[in-house]
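Q: sequence? don't have it. structure:
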């Protein structure tokens, strides 16, 4: 429940910063999403929230190669690393990498060491399987053999599968060697006597990974449909699982019989032979070497070779890890859209570790699906594991090609440094509230730039035995650090809450706008949010209303205080501001335009943060609108007359408005269509305009049988002339006059 609440809280923060200050605020870090933004050294971050000590993670060797694809180790701790490109095998003893094999191919893709100390190494592409035997006689160069750099190793071609790729190797208890290949999807078996045969043929293009279970069954993962096979020693095959992902990238088998499988890439139709794009890039050691990346239909989407292409993208959808129980039932226990799993292994405690890229992270995944962000290597990809003495694991990486040792025991001391927190304003720091166990020291530092390396204060310890106060100087930014020491009980940090008080600053207006003829609809009232809870400003609904004036403003407060507003007005030529409305909480207000006489006005809005502060501590800001005009009075029509003249009607009148210019005038005879008429002088730009015009009597309004529309002596004909006038604000008035024949 705590994690769920934290997730909801972070989603809200992404939309809006804290909206109600009301004094002291707090910054809490407890969930994975917040803690993972910090920097951990010897500290694991738990998916359910909190920190604990991680295993000891020791660098053993840095090779001249950029990529290490596979590693194996002997019981005495000697490590062998398969690298490229160019192809190399390193022997690492006492932290010193020594080249013992340098074939002409581009990559040594996989290697295994049998119980007698014999190394079998597979190369790519168009590669072979080589056998390296320790001995004191120098290797003799014969047809089909390669030179061993170290005179104590003899090398020779052990088997050529005539396949495009050799992806993985495995050895069973009987000493049989198995080779997973592509692009024919075959697994070869080579007996200890050197006899070889196709052990298994898949309909998939590539068999990517191999492992041998406790019963001697071969477990294999494919690329294409993401299938996991179980193949008995007699060669009988059964599909254990069809993963939702395209490619099985890693396998591990637990002592309890659980099979752990990593999958990557989205499934798409089509299989075929991958093609390789080869480029040359400068290695960190200053040398150059070809880089290989599979491409084309059927190419594995997430193979280690893809690391050779700096532009290779992580397969769509990221990676997932599945557990196949001994009864055959599968379950997804981990997924990530960003991390790609290259290797799986179980440590001495039976805990599943996942090596990923492209951030060089190692995750510990529980059977329940809970996980720990356990370790981060100084490399981009964690590509291989192999058991180490005393329950540890050797770890290989690429970009750069390094080898590390993960101990079975926790480190004696670990450090976690939080992400930088931005209070958004100069603040004073209060007490720290800590939940956890064991020996954990806390420190804090502060500064006024977002980079702690730019003249921040020194780290200051937080003394929980005294008062738990932060001794860092007031500033805008702050950061905390935890130092965890091993002991009984084991150290654990569940949450850190830091209290602080921002310095109050006045609000700032962005704008104040006035719209005549607009009414804003009031918003439904909701309870005020609690302290440190976000509040959202909902845009008001508006309607056209020519008898209303709408005022709207935008204002922000760096303290995120709750605000209250007052609206004032002042007419042209006036010096005193008059109150329209106070105690407003919305950022808009509408009022009846008829409250104000016709004229020019300015509105002023005053914002106060009083609801969030003690009396006398509030601050205010104000902003004036641009000048606007109100005109709600219709123009007057005076001296309207109409008379017959030369067979037409002559109409004369005067229009006058008290405030704005006359906009236009129209007339109609006997309720016919309206006709526009210009004033005397033609330009309508004055508050008073005179009109004098002749209008023809419509023919269809003349008396039946009359020869023309002119009235004859004694005629009883009459007409109604209507005029209407608009001012600049579309206020309208109309008058009529009746014309009778004499």
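A: Nice, I can see it. On a predicted model such as this, the values are computed, not experimentally measured, just so you know.

Q: in contact with the closest residue to residue 660 other than its chain neighbours, which residues?
A: Spatial nearest neighbour of residue 660, excluding adjacent residues (Cβ to Cβ, 6 or more residues apart in numbering): residue 728 at 3.9 Å. Bear in mind the C-beta positions are built from the backbone N, C-alpha and C, glycine included. Residue 728 makes contact with 631, 660-663, according to Cβ atoms under 8 Å, 6 or more residues apart in numbering.

Q: only whichever of the residues you listed are buried, select them in PyMOL.
A: In PyMOL syntax, the buried subset of the contacts of residue 728 is picked out as below (16 or more other Cβ atoms under 10 Å):
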select buried, resi 631+660+662+663
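
Q: the strands in the stretch 601-742 of the chain, which residues?
A: 620-624, 628-630, 636-645, 648-656, 662-669, 675-677, 688-695, 718-727, 732-740 (DSSP state E, counting those that start in this stretch).

Q: output these as CSV; include the columns distance to residue 258 and mean pLDDT.
A: Listed next are the strands of the stretch 601-742 of the chain as CSV, based on distance: least, Cβ to Cβ, whole Å; pLDDT from 0 to 100:
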stretch, distance to residue 258, mean pLDDT
strand 620-624, 65, 96
strand 628-630, 76, 94
strand 636-645, 96, 93
strand 648-656, 95, 95
strand 662-669, 86, 95
strand 675-677, 90, 95
strand 688-695, 95, 95
strand 718-727, 86, 94
strand 732-740, 86, 93
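
Q: distance to residue 640 added to the contacts of residue 728, as TSV?
A: Below are the contacts of residue 728 laid out as TSV (distance: Cβ to Cβ, whole Å):
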residue	distance to residue 640
631	22
660	21
661	20
662	15
663	18
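
Q: would you agree residue 557 is in contact with residue 507?
A: Yes - using Cβ atoms under 8 Å, residue 557 is in contact with residue 507, at 4.4 Å.

Q: for stretch 642-656, buried residues please.
A: Those would be 642, 644, 649, 651, 653-656, for stretch 642-656 by 16+ other Cβ under 10 Å.

Q: distance between it and the chain's centre?
A: Stretch 642-656 has its C-alpha centroid displaced from the chain centroid by 75 Å (Cα atoms, centre = their mean, to the nearest Å).

Q: ok, back up a step: just put the strands of the stretch 601-742 of the chain in TSV and tack on distance to residue 45.
A: Listed next are these as TSV, based on distance: least, Cβ to Cβ, whole Å:
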stretch	distance to residue 45
strand 620-624	43
strand 628-630	58
strand 636-645	80
strand 648-656	80
strand 662-669	71
strand 675-677	78
strand 688-695	80
strand 718-727	71
strand 732-740	73
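
Q: tell me which of those lies nearest to residue 28.
A: Comparison of the strands of the stretch 601-742 of the chain against residue 28 by Cβ to Cβ identifies strand 620-624 as nearest, at 31.2 Å.

Q: just say helix, strand or coil for residue 34.
A: Secondary structure assignment for residue 34 (DSSP: H, G, I helix; E, B strand; the rest coil): helix.

Q: that one and residue 665, how far apart?
A: From residue 34 across to residue 665, the span is 71 Å (Cβ to Cβ, to the nearest Å).

Q: and if you look at residue 360?
A: 82 Å.

Q: residue ranges with poor pLDDT in the protein?
A: 1-22, 136-151, 268-316, 525-537, 699-716, 742 (pLDDT under 70).

Q: mind doing that once more with 50?
A: Within the chain, the segments meeting pLDDT under 50 span 1-21, 137-147, 270-314, 529-534, 701, 703-707, 709, 711-716.

Q: how is it divided into domains?
A: The chain breaks down into these domains under automatic domain parsing: 2-54+414-502, 57-410, 508-630, 636-740.

Q: ranking those by burial, who's on top?
A: Stretch with highest mean neighbour count among the domains of the chain: domain 57-410 (a mean of 19; mean count of other Cβ atoms under 10 Å).

Q: in the sheet, who's paired with the nearest residue to residue 437 once chain neighbours are set aside?
A: Distances taken as Cβ to Cβ, 6+ apart place residue 492 nearest to residue 437, at 4.7 Å, with adjacent residues excluded. As for beta bridges, residue 492 partners with residue 52, residue 437 under DSSP bridges.

Q: quick one: residue 492 from residue 47, how far?
A: The value you get for residue 492 to residue 47, if Cβ to Cβ is used, is 14 Å.

Q: residue 740 now?
A: With Cβ to Cβ as the criterion, residue 740 and residue 47 are 97 Å apart.

Q: now swap in residue 219 and tell me
A: For residue 219, the distance to residue 47 - Cβ to Cβ - is 27 Å.

Q: looking at the strands of the stretch 601-742 of the chain, spot the one closest to residue 439.
A: strand 620-624 (49.9 Å).

Q: what are the pairing partners of the closest one, and which direction each?
A: strand 599-608 (antiparallel).
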